[in-house]
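Undergrad: Turn this into a structure:
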Amino acid sequence: MSPRSPREISVLVPPDLAPLYPDDPSRIGPYLVLGRLGQGATGTVYAAVDAAFSSPGDRLVAVKVLTSPELDSPDVYPALEQRLRALSNTDPRRVVVPLDFDSDANPPWLSMPYLAGERLSHYVTKRGGLGTGKLIALATGLAEGLSALHTRGVAHGSLRPSEVLLESHGPHIMECAVAASAERMRGAGATWLSPERFRGGGATPAADVFAWGAVVSFAGTGRLPFGPGEPEEIAERAAHGSFDLDGLARGLRPVVGRALDPDPDRRPSLREVIGAVIAVWQSENADHLRGSAASPAGNATGAGSPGRDDLALILEREWHAVEPPARVPQVVRLEGRMSNRRTTRALFLVGSAALALVLVGAGIWGISRMFDPDDTLASDAAGESVEGEPVDASPSADEDPLTLVVRFDPAEQESPESGPWVYTPVDRDDEPVRGQGVPSHSAWAEQWDEAGEPAEAVISPDAEVLCAKFCAAPNHVFLDEEGRGTWELTGGDFIDYLSWGPVMIVEVTFAEEPAEDGGPREIVKVTELFTE
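TA: Residues are numbered from 1 along each chain as shown. Reported below is the predicted structural model:
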């Protein structure tokens, strides 16, 4: 084996990192860019190399290029500099903080530790409301994270489930660099917006406490605390304190109810919140605590209840099951422009070495399987014609069409993880009615009539997927004017969705090449159809 060039290093990267677009930068500040982790209204997040670290596991960072609407005016850049500097000095245990930043760059950017886990929005959508132990751990961690921000004079301003990352050490608050304007939050973020913020007020600690209450309520019940509906309807309920905490752990209802008070002056401080949540935990574990007090190996303080450090460790254990996928090595050259195509990686298995092409899929920053309205994944669809044989994309009457509108029902999938996947062609005689609110998944699916027999297909893991509602973040809709999804994911994400999500109506595009041996056709593009 030839020795590695001194200008090459090994980096551990996500196994499904998305490729760069042709116009993506090859370098951002001192970082060499490897691939995309996400894209949204506040900018694009890239996986990048910090060559200063000697360990392959420490070299990967997330670098975000900020293109937020809140930064359109040059007058805001001094405040951005001040905010990023304050964030850099924030306690990082519960907050994703900048490692480095340049607010004078065009556009400005910041680098952050690469964290892999799962967004709270995705976790709750898949599994429903959290059990009491995990919920108390979440409530405590979020309150402590917000408290760390407020200590540095920073109000988050847009806390919601899609901006909470769950990983093996507990919850982490993300998207702190730019406080979303009330105007941008009024739409999909109305549920998490305090009444004074909805009316145009700025980000404040009291508004963050309100958002904390809404997020904890959602996490504990799996439902929106003010119910579904148009943003104005949700805001009206919030302004009157009309929230629903049924199903939330009984001990947490008083403090969450106070946090959701329409009057910011009546909301509890974060110190009160943390004290109340810990008291609930101690009440829930009274028998265990008495046993610990009687044991010679009790807590370090010798008291009848654990100290704060002990309690933090106990609560942190609730999230040890949230483990990210193992990263794989990639050799990176430290000079020259990176190719925008993924490189082949050598994967070494115990007892044998196998050379494999790593599938291009959704990159993970923070959490890999779900995104908030400000965070999306992107990938390129694959497909080439046979050299020398032009392909006619318009099928003749006796050929199967390349594009179909179909229904995917996760309940019909016999092998939701490995496929092939069952689909049913559908059609409708009328145009969907728009402007009538967001229908449920069942109501939307019922508007379509079966137009053919169920069939099977395989889904390319690097297929292009454009979600509108159900395979995207919960409680948000991403549509163009024709009712077609715009939230970019990959076939790998869509395959994951088919193991747990509700029924979807999608337009699928099949590969032009016929399947070998008459097997199922391959889907290379999926576009969800929806309305609002």
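Undergrad: Can you name the next helix or strand after the longest helix anywhere in the chain?
TA: Looking across the chain with DSSP state H, the single longest helix is helix 132-151. Counting by DSSP states H and E, the element after helix 132-151 in chain order, helix or strand, is strand 164-167.
Undergrad: Listing partners with orientation, what would you give for that next one?
TA: Under the criterion DSSP bridges, strand 164-167 sits next to strand 116-119 (antiparallel), strand 170-173 (antiparallel) in its sheet.
Undergrad: So for that strand, mean pLDDT?
TA: Average pLDDT, strand 164-167: 91.
Undergrad: same question, stretch 141-151
TA: For stretch 141-151, mean pLDDT is 96.
Undergrad: Any regions of the stretch 201-350 of the chain where pLDDT drops low?
TA: Where the stretch 201-350 of the chain drops to pLDDT under 70, the residues are 286-312, 314-315, 321-322, 335-350.
Undergrad: picking that back up, so which of the strands paired with strand 164-167 is nearest F218?
TA: strand 116-119 (12.4 Å; Cβ to Cβ). Backbone N, C-alpha and C define where each C-beta goes, glycine included.
Undergrad: Apart from its neighbours in sequence, what residue is nearest L529?
TA: I505 (5.0 Å; Cβ to Cβ, 6 or more residues apart in numbering).
Undergrad: The host helix or strand of that neighbour pairs with which strands, parallel or anti?
TA: Assigned by DSSP H and E, I505 belongs to strand 504-510. If you go by DSSP bridges, strand 504-510 pairs up with strand 403-408 (antiparallel), strand 521-528 (antiparallel).
Undergrad: closest one to T44 among those?
TA: strand 521-528 (21.7 Å).
Undergrad: for the closest one, the distance to its chain's centre please.
TA: 22 Å (Cα atoms, centre = their mean, to the nearest Å).
Undergrad: Quickly list what V61 is bridged to.
TA: Beta-bridge partners, per DSSP bridges, of V61: A48, P113.
Undergrad: ok, it - how many residues close by?
TA: Using other Cβ atoms under 10 Å, the number of residues around V61 comes to 20.
Undergrad: Do I have it right that it meets D50?
TA: Yes - assessed by Cβ atoms under 8 Å, V61 is found in contact with D50 at 5.0 Å.
Undergrad: Show me whatever sits in contact with both of the two.
TA: Y31, L99, S111 (Cβ atoms under 8 Å, 6 or more residues apart in numbering).
Undergrad: Touching, the second one and M112? I think so.
TA: Yes - using Cβ under 8 Å, L99 is in contact with M112, at 6.1 Å.
Undergrad: Counting neighbours, go ahead and name the busier of these two.
TA: Remark: of L99 and M112, M112 carries more neighbours, 23 against 15, as counted by other Cβ under 10 Å.
Undergrad: Give me the spatial nearest neighbour of Q447, chain neighbours excluded.
TA: R428 (6.3 Å).
Undergrad: so who does C471 touch?
TA: The contact partners of C471, by Cβ under 8 Å, 6+ apart, come to V465, W487, L489, D493, F494, Y497, G501, M504, E528.
Undergrad: tell me the secondary structure for P425?
TA: strand (DSSP: H, G, I helix; E, B strand; the rest coil).
Undergrad: Could you check how far the helix or strand harbouring V209 is from the centre of its chain?
TA: Assessed by DSSP H and E, V209 sits inside helix 205-221. Taking Cα atoms, centre = their mean, the mean C-alpha location of helix 205-221 is offset from the chain mean by 18 Å.
Undergrad: Minimum distance to Y21: which of the strands paired with strand 504-510 has it?
TA: strand 521-528 (17.0 Å).
Undergrad: From G131, how far off is V458?
TA: Separation of V458 from G131 (Cβ to Cβ, to the nearest Å): 37 Å.
Undergrad: looking at this, S460 is in a helix?
TA: No - going by three-state DSSP, the assignment for S460 is strand, not a helix.
Undergrad: Just give me the neighbour total for it.
TA: Counted with other Cβ under 10 Å, S460 comes out at 24.
Undergrad: Verify the contact between it and P520 for me.
TA: No - using Cβ under 8 Å, S460 is not in contact with P520, being 11.9 Å away.
Undergrad: Flag the shaky bits of the stretch 351-500 of the chain, pLDDT-wise.
TA: For the stretch 351-500 of the chain, the ranges with pLDDT under 70 are 351-400, 416-417, 435-436, 472-476, 499-500.
Undergrad: What are the boundaries of the helices in it?
TA: Remark: helices assigned in the stretch 351-500 of the chain by DSSP state H, counting those that start in this stretch are 441-445, 491-497.
Undergrad: now for the longest one, which elements pack on it?
TA: Under the contact criterion of 3 or more Cβ pairs under 8 Å, 6 or more residues apart in numbering; DSSP states H and E, the helices and strands touching helix 491-497 comprise strand 455-467, strand 521-528.
Undergrad: The shortest one now?
TA: Contact here means 3+ Cβ pairs under 8 Å, 6+ apart; on that basis helix 441-445 packs against strand 504-510.
Undergrad: Just the angle for the strand it packs on relative to strand 455-467, thanks.
TA: Put simply, strand 504-510 runs at 110 degrees to strand 455-467, going by axes from the mean of the first three to the mean of the last three Cα atoms, to 10 degrees.
Undergrad: quick one: contacts for the residue lying closest to S147 once chain neighbours are set aside?
TA: Excluding its sequence neighbours, the residue lying closest to S147 (Cβ to Cβ, 6+ apart) is L270, at 4.4 Å. By Cβ under 8 Å, 6+ apart, the residues touching L270 are A143, L146, S147, H150, P205, V209, W212.
Undergrad: ok, now how distant is L270 from G222?
TA: Per Cβ to Cβ, L270 is found 25 Å from G222.
Undergrad: And E183, by the same measure?
TA: Counting by Cβ to Cβ - E183 and G222 are separated by 29 Å.
Undergrad: Compare those two (neighbour count), which wins?
TA: G222 (15 against 10).
Undergrad: so that one touches K126, yeah?
TA: No - G222 is beyond contact range of K126, at 10.1 Å (criterion: Cβ under 8 Å).
Undergrad: Distance of T90 relative to A180?
TA: Taking Cβ to Cβ, one finds T90 at 18 Å from A180.
Undergrad: Name the residue in those two with the higher neighbour count.
TA: Using other Cβ under 10 Å, the more surrounded residue of T90 and A180 is A180, with 26 against 22.
Undergrad: so who does that one touch?
TA: Each residue near A180 by Cβ under 8 Å, 6+ apart is listed here: T42, E70, G157, S158, G189, D374.
Undergrad: Neighbour count added to those residues, as CSV?
TA: Shown next, in CSV, are these (neighbours: other Cβ atoms under 10 Å):
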residue, neighbour count
T42, 25
E70, 18
G157, 23
S158, 28
G189, 26
D374, 25
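Undergrad: what is I173 paired to in the beta sheet?
TA: V95, V164.
Undergrad: Need the per-residue pLDDT for it.
TA: Predicted confidence (pLDDT) for I173: 97.
Undergrad: cool, and the one 3 residues further on?
TA: Residue-level confidence at C176 comes out at 94, pLDDT.
Undergrad: Which pair of the contacts of A180 spans the longest distance?
TA: The farthest-apart pair in those, when distances are taken by Cβ to Cβ, is E70 and G189, at 13.7 Å.
Undergrad: Is A18 bridged to anything, and to what?
TA: With DSSP bridges as the rule, A18 is bridged to R36.
Undergrad: That one and E528: what is the separation?
TA: When Cβ to Cβ is applied, the distance between A18 and E528 equals 19 Å.
Undergrad: go on, V216?
TA: Taking Cβ to Cβ, one finds V216 at 30 Å from E528.
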